[in-house]
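J.: Give me coordinates for this.
(2 chains)
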Protein chains: 2
Amino acid sequence: MSLLFKHLRIHQVFGANTDVGKTILTTALVRASAASGVPVHYLKPVSTGRMEDADDMHIERFAGAQNKMIQSACLYRFGEPVSPHLAAKLAGTESHRQLEVPSDADFLTTVSSHIRQSAASSAQNSHMYVETAGGVHSPTLSGTTQADCYRPLFLPTVLVGDANLGGISSTISAYESLLLRGYIVDLILLFRDEYYRNAEYLDPYFAERGIRLLSLERPHSRLANPRDERVEMERYYSRLVPEQKQGGIFDALGHLGSCHEKRIAELDSMPQRALNTLWWPFVQHGLVVSKADVNVIDSASHDFFSVYNGHKTNPHPETSSSMSSVPSASSSSLLEPQLDGSASWWTQALGHAKSALTLAAARAAGRYGHVMYPQAVHAPALQLAERLIHSGPGHGWASRVFFSDDGSTGMEVALKMALRAFAVRHGIVGAARKQLGVLGLRGSYHGDTIGAMDACEEGVYTCEWHQARGYWLDAPTIGNRKGRIDISLLPAIAEDAGYDHVEVGSLHEAYDVRSRLSTPLAAVYRRFVERTLKKLKENGGPTLGALVLEPLVMGAGGMIFVDPLFQRVLVDIVRGSSPLREGEWSGLPVVFDEVFVGLYRLGVRSASSILGAYPDISVHAKILTGGLVPLAATLASDSIFSTFLSENKTDALLHGHSYTAYPVGCEVANETLAIVEELAASSAWDDARMRWGAPIGEGERQTAVWSFWDPAFVSRIAALNCVSEVMALGTVLAVHIRDEAAGYQSHSAHKMLEPLNLRTDDALPSSAPGGAPFGFHYRTLGNVAYFMLSLNTPSDVVRAVEERILVTLQATDTV
Amino acid sequence: MSLLFKHLRIHQVFGANTDVGKTILTTALVRASAASGVPVHYLKPVSTGRMEDADDMHIERFAGAQNKMIQSACLYRFGEPVSPHLAAKLAGTESHRQLEVPSDADFLTTVSSHIRQSAASSAQNSHMYVETAGGVHSPTLSGTTQADCYRPLFLPTVLVGDANLGGISSTISAYESLLLRGYIVDLILLFRDEYYRNAEYLDPYFAERGIRLLSLERPHSRLANPRDERVEMERYYSRLVPEQKQGGIFDALGHLGSCHEKRIAELDSMPQRALNTLWWPFVQHGLVVSKADVNVIDSASHDFFSVYNGHKTNPHPETSSSMSSVPSASSSSLLEPQLDGSASWWTQALGHAKSALTLAAARAAGRYGHVMYPQAVHAPALQLAERLIHSGPGHGWASRVFFSDDGSTGMEVALKMALRAFAVRHGIVGAARKQLGVLGLRGSYHGDTIGAMDACEEGVYTCEWHQARGYWLDAPTIGNRKGRIDISLLPAIAEDAGYDHVEVGSLHEAYDVRSRLSTPLAAVYRRFVERTLKKLKENGGPTLGALVLEPLVMGAGGMIFVDPLFQRVLVDIVRGSSPLREGEWSGLPVVFDEVFVGLYRLGVRSASSILGAYPDISVHAKILTGGLVPLAATLASDSIFSTFLSENKTDALLHGHSYTAYPVGCEVANETLAIVEELAASSAWDDARMRWGAPIGEGERQTAVWSFWDPAFVSRIAALNCVSEVMALGTVLAVHIRDEAAGYQSHSAHKMLEPLNLRTDDALPSSAPGGAPFGFHYRTLGNVAYFMLSLNTPSDVVRAVEERILVTLQATDTV
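T.: Numbering: from 1, shown residues only, chains lettered A, B, ... in the order given. Now for the predicted structure:
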């Protein structure tokens, strides 16, 4: 991940194209740095072409030879003057053996180690230049383009522009490719050309974008005689880097130095400025008062944030510990990787800043911006609606998609649909409509807008205007308790059953809802639900207008894994026993809030396939847009939709937001769902499924119960004394810490896991990109610690994360 | 705007760089099309360099000479072989006069006219190739880069890739620059090079992105003898375009043809597919059943949508009229411009698909994706918060920013803040908190989530769970009635005042709230409000916990221009008369819902400056993100914020959405606000201010009352018999159509303006980009027709829009 050192200013040098003078201008930079009396590190990670022409040789000759302060290095060298990926391939062919091409991860670790060694060896202020090969998108050894491959290191950039005919275009395009990867471009350097005058055009162009441009004298045409060429070149460099150390390249140096200092100063100022102006959601600002309490996120990549640690030199007393997050020396990076352990509030699915999603967003922004949606259609919205209905979670039952902005608004739309449909179907009019309530489970959470909250019980989250509209049942839960898969019954059910828990043979058995429908427990559940509903009616409870469920797991309520059999029984009962026309609902419409659980968060596309029951309305968000931008989709069956049809505008669903179905959101969702479905059929997933003994057949994947977390790891966690219960499904791991004072205000889980916040001081490379040791960012829900992965987290990262969790829990485990 | 003809397949040819073989490969395409027996139009809009080397000459020589089916044209020719913008400049210099360089708009109109003429002259299937100059970002004559300049025409693209060393990078970067502008890239063509093998790499790279790539034989090195060169070149073309008309370039032709057909088929299928799957907001689907009722938006640019009209060949009986939207001949474009007359639900500020916003979105997506926000900080969120507080609408009073996803959630946050703050301040606890209501104005609308709706009266928009929590006053309104600026008092006030309306000398006088505070009318307002509040209390009305206002204009309620004096009096009264410490509130906290009215929609940054009163809480959205992505900001004063501070987590504002403060949204907002503030200080705005006699001094701009709509135009509208009232402020024009049956269900305005839906058949170029005649897309609110511009709509477009509105209203005006 990102590297930023106070005393070592690093810039990577990208070229707008091949043959634009990248090596010459980098040499000038190196020479100027050295002339300023600063030790210089030059790194050419990959060099292709004849040794005598190699860039680092050029540096040696024209900068290093005269100055002992310059250290240059090349990590991979290939003789053929072609693109690195091809050079590596050809080198393999030549030597009659398959050359082992390093993976991007290994490559990054090697580059990163070299840079960190350079930083460690720099006692005083020094400079480093990392010169890439060819253009910004020239492929690295693995074939990944450089702009993508180097991205996790997030080094500030000098772009060498193109002074030739067409160079305005290639310089701007190269810049835009860097921008699409979020790079900070500090400077554009290019040759001055009096005929094409590209610099004259590009200077104001980039100034408008806040980027400094400097043009320097073009070198002479190469001379045939090597000796003459060398002399002439030396003269050229003497002009580029004059002895008086002023103007031209020295302005560039000054600018780069000031960019470096400003960046650090900016990062350093951010915690206090955040404390002064931001009002965070779900944060008691009265408890967050120290700069050290603020997580400064400078960039993100894969499953990691890159966070600033410079403000933690005086750690908050509460967070200090034997493992320190304070850099052990000034040579440590001020930025360090931090695992995004909650998948950024359950949104991440494909890793942060994934190029494919950035490009999807850019494509739609460039084509449409946002366009008015009612009674209109644009391709991204239509494709997304069709995808959700025909091959997404609506497959088999949904016919309509209604878009809104987040899970909470998506649920409000669902509630408006369900209540209206119920009222119309059952002829409820006037004031009686206002009395409709929902049936749900205790512990439900459907979002933070007031209407969504009204579909839940009163609790710490609810506000002044909250009014619990409905009735919520206690649900039996499922968990791994000391290795047993156990279903816990709450007293109301236990009393009737005569037992308070049931042990199930395996997870697969527990989630085989169809088979379990004929068990005695199913009958117990039926009796309990029917009896409760009857009592509710007799006692004058609210008229129930909808069943509203988070299938399988109630997330925000505390990662409660509900017995799926109970939810299935509930659905069957509220629908009534009379067989109905396909797609028609009777009794209550059923709403599945799949905002958290859907779209493979739990390893399956939709919880419906496991419950063996379709909803009438479902809501999707979070993973829907791959963790990039907000969007929600509320799906409905035709029989729900048709209750809104009439000739009166006022019978329509009068709900909408300004940016409803905005093209950027829809296009990002389309790209996400395409990638997600590819992953779902990948061998990496099948491997994980097999570790859990789950079936991998095409038809069985959607009912398979499995996890990205290793079953052996889960067993070891379950065996710990401090853990009362553990569950893993899909990307989710939930660990219940044994604590008498459980609940939202409990801090037991957070306290126990605190050492995870801190990066390890291991000397060994970690599995974070670039290999730096990493800390954890995680959220807890009272006494429940949970961890969430992306759908494409590499297994070595998962294993490393498991190891860290296990070690941390073991360290505090009491006998 | 976009051009799409059934019988004329058009592709623009962009080059990844100069000298990659664009002309040769275009010649091959032209030659192949002609060889297939298809008439071919070749257009080189701008050519630079020696005449004998010119691309169109090359076409003439190697394609046109042997085939009468080829027509080639060049629109602008310059002798110097440099970038077009420089060639134009040099041509001016040479001839010792300033060459008149065409503006982008004129240039586009010229190109567009030529293409439309070509289409008109094509009786049968034919092909057209538009060859650009240099690379994708090479500047056109005006200096705008080609990728941006040609964008409104939205022609499908053939990208000629780069086969040289570094060409992988330049090809991908050029593609990404096209993607950032939303272009459809149908094909990548490049030379085969056995040494660098770029095609081998790029083929699967682009296949993964759904783009076909074809590599063709490289030509020989240019021969010194022109005759030999010509013979050799002719041989080369014979190989590239073989007589058997199969393989290679003919595959490319087939592919381009199929892309063209698929695109039209896709557009043609969209209306029915939309009717089958989408559930639109605020649309009665029972009334939208014909394909012709669906607006198919293919792309958008500036203030225009590009809409498909092919499905309107059988127009819906209701919408048919003397002016027909049906193309008059098969040579008419299947896509036509349509003015986005409601600024896409009041969101647009800078025109659709503005590059600066796309790049801002891409930059943040590339750097962060989305990152977890609570207790964290990232630069885009921090910068936005600081901007809003220090130089934005929060300047002078706000200290905190809370982010959410849309205006409705922003208002729910505001309500939660206000109610809690009131309850804490006034020691209201327990059940009494649930009884708190808001004070507002009749006609208010604060968004569609249930909590935001509860802050308004019951109405057609409200749902089953709606509960009007508060009290809403009738407000006096302001309007231009037959040239008089008139304040209308509703009966309750009129009775006390002894008159039912007050004529004010001018708009400036009406909005000079400070001066009006000492008028008799102010005293009337005070008495009315105080009496009403007293009565409310005596009659056991709700405890009021906040004043919630849309300052100046109640948008969704019907574009109601409220007398600002009344709102100011209200604010003063609910705050109580006792002088308070700066920034502290007493009485009720005041919430300004500036979602619609703020951020220069009405010509000023915030309505506060006109009312002369700051709120305690304000909400901003819509323009905030420039019409690209959803985001809302709720601003609060320190005294509101501090009521949430304690040591208990449960006292915090427990509200948040998964994507709260997502970097893409914040970065787009930062870019938008920077551009908007530049516009606000621009001479274009000062010109408009001066037309209205408004002051343009630095300090006076924020209280100036003016409009982008011309005062003379507004006067002419006001004088029409069919118009009862008109108002223009900032970008908003609201026209009240005289109608007895006013209200949400009234269709009078919509019916009267229906001819605007249809493009004119004028032969003269319109002010839409490219000059095609355009229709209107607009929304009405009952009997109120409103039109909204962007903050940068060019004045020629505004004048054209005014003319169309005037003519339409005049046509149906009755005496």
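
J.: Now for the closest residue in space to residue A:284 that isn't next to it in sequence: which residues touch it?
T.: Using CB to CB, 6 or more residues apart in numbering or on different chains and skipping residues adjacent in sequence, the residue nearest residue A:284 is residue B:652, 4.0 Å away. Just so you know, the C-beta spots here come from the backbone N, C-alpha and C atoms, and that holds for glycine as well. Shown in contact with residue B:652 (CB atoms under 8 Å, 6 or more residues apart in numbering or on different chains): A:282-286, B:644.

J.: next one: residue A:735
T.: A:717, A:723, A:725-726, A:749, A:784-787, A:805, A:809.

J.: go on, residue A:696?
T.: Residue A:696 neighbours (CB under 8 Å, 6+ apart): A:686, A:689-690, A:704.

J.: Taking the contacts of residue B:652 together, which two end up most distant?
T.: A:282 and A:286 (13.4 Å; CB to CB).

J.: neighbour count winner among those two?
T.: Set side by side, residue A:282 and residue A:286 show more neighbours around residue A:282, with 18 against 15, by other CB atoms under 10 Å in any protein chain shown.

J.: sorry, back to before: which ones among the contacts of residue B:652 map onto helices?
T.: Using DSSP state H, no member of those falls in helices.

J.: could the residues you listed go into TSV alongside distance to residue B:507 and pLDDT?
T.: Shown next, in TSV, are those (distance: CB to CB, whole Å; pLDDT from 0 to 100):
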residue	distance to residue B:507	pLDDT
A:282	46	95
A:283	45	96
A:284	48	97
A:285	43	97
A:286	47	97
B:644	41	97
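
J.: nearest to residue A:349, of the residues you listed?
T.: residue A:282 (22.0 Å).

J.: need the contact list for that closest one.
T.: Neighbouring residues of residue A:282 by CB under 8 Å, 6+ apart: B:374, B:652-656.

J.: For residue A:793, which three-state class applies?
T.: What DSSP: H, G, I helix; E, B strand; the rest coil gives for residue A:793 is coil.

J.: Verify the contact between it and residue A:303 for me.
T.: Yes - using CB atoms under 8 Å, residue A:793 is in contact with residue A:303, at 5.4 Å.

J.: Quick check: neighbours shared by the two?
T.: By CB under 8 Å, 6+ apart, the residues touching both residue A:793 and residue A:303 are residue A:351.

J.: Backbone dihedrals for the residue nearest to residue A:608 when sequence neighbours are not counted, please?
T.: Nearest residue to residue A:608, sequence neighbours excluded (CB to CB, 6+ apart): residue A:614, at 5.2 Å. Main-chain dihedrals, residue A:614, degrees, to the nearest 10: phi -90, psi 150.

J.: So chain A: which segments form each domain?
T.: Using automatic domain parsing, the domain parsing of chain A gives A:8-264, A:355-684.

J.: which stretches of chain A aren't confidently modelled?
T.: Across chain A, the ranges flagged by pLDDT under 70 are A:65-66, A:93-99, A:313-331, A:577-584, A:740-746, A:759-764, A:814-815.

J.: mind exporting whichever helix or strand residue A:749 is part of as CSV, just the C-alpha atoms?
T.: Taking DSSP states H and E as the definition, one finds residue A:749 inside helix A:748-752. Only the C-alpha atoms of helix A:748-752 are listed here, as CSV (Å, rounded to 0.1, in the frame of the first residue of the first chain):
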residue,chain,number,x,y,z
SER,A,748,-16.8,-6.0,25.2
ALA,A,749,-16.2,-7.0,21.6
HIS,A,750,-14.5,-3.7,20.8
LYS,A,751,-12.3,-3.8,23.8
MET,A,752,-11.1,-7.3,23.3
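
J.: in it, what counts as buried?
T.: The neighbour-count check on helix A:748-752 (16 or more other CB atoms under 10 Å in any protein chain shown) flags A:748-750, A:752 as buried.

J.: just checking, which of the contacts of residue A:282 belong to strands?
T.: Assigned to strands by DSSP state E, none of the contacts of residue A:282 qualify.

J.: which of those residues lies closest to residue B:813?
T.: The closest of these, once distances to residue B:813 are taken by CB to CB, is residue B:655, at 50.4 Å.

J.: before we move on, the earlier item: which of the domains of chain A sits most buried?
T.: domain A:355-684 (a mean of 22; mean count of other CB atoms under 10 Å in any protein chain shown).

J.: mind checking how far it is from the chain centre?
T.: Computed by CA atoms, centre = their mean, to the nearest Å, the chain-centroid distance of domain A:355-684 equals 24 Å.

J.: Likewise for stretch A:278-293?
T.: For stretch A:278-293, the distance to the chain centre is 23 Å (CA atoms, centre = their mean).

J.: Ends of it, what's the gap?
T.: 14 Å (CA to CA, to the nearest Å).

J.: Show the end-to-end separation of stretch A:58-74, please.
T.: 12 Å.

J.: Centre of the chain to it, how far?
T.: The answer for stretch A:58-74 is 41 Å, by CA atoms, centre = their mean.

J.: Let me see the residues that make contact with it.
T.: A:23-24, A:26-27, A:30-31, A:34-35, A:37-47, A:54-56, A:114, A:118, A:230, A:233-234, A:237.
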